[in-house]
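In: Model the structure of this input:
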Amino acid sequence: MNYKNFIYFFLIFLFVGCSKNNEPKQEINNENIISKDKMVEILVDFYLVESAIQYNTRFRINTRIFSNYYYKPILEKHKITPEDFHESIEYYSKDIDGIDEIYTEVISILSEKLSEVKNE
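Out: Residues are numbered from 1 along each chain as shown. Reported below is the predicted structural model:
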């Protein structure tokens, strides 16, 4: 997954998160949907990599190289395919409460990591 795709999915989260959803919640019945806990882990890894990539832009390093190099191994680390990730993004983007839970946990974990780094 390259940087453009990551930004694309982030924007989907943003737009869907701001829209009103009156559809009843659906139970996860698709084997390809990633669990909320695993999505949290994946998104935390994505944002940590994204932070490192953005840091390197200060040095005028081609961030596209980093994007292509780091995102694929994150998916491999979590033993999921890009297709499963895309399907899960679509699924959770339709569940406002679900995506809110995921991002609340992501923010909490990233805040803890930031606090740890500041204390070192």
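
In: how many neighbours does residue 47 have?
Out: Residue neighbour count, defined by other Cβ atoms under 10 Å, stands at 17 for residue 47. Where you see a C-beta, it was placed from the backbone N, CA and C, and this is true even at glycine.

In: who's in contact with it?
Out: Shown in contact with residue 47 (Cβ atoms under 8 Å, 6 or more residues apart in numbering): 106, 110.

In: Give me the average confidence score over the one helix or strand it maps to.
Out: Using DSSP states H and E, the element containing residue 47 is helix 36-57. For helix 36-57, mean pLDDT is 86.

In: Could you give me the buried positions within that helix?
Out: Buried residues in helix 36-57, counting neighbours by 16 or more other Cβ atoms under 10 Å, are found at 36, 39-47, 49-50, 53.

In: do stretch 88-101 as well
Out: Buried residues in stretch 88-101, defined by neighbour count with 16+ other Cβ under 10 Å: 88-89, 91-93, 95-96, 98-99.
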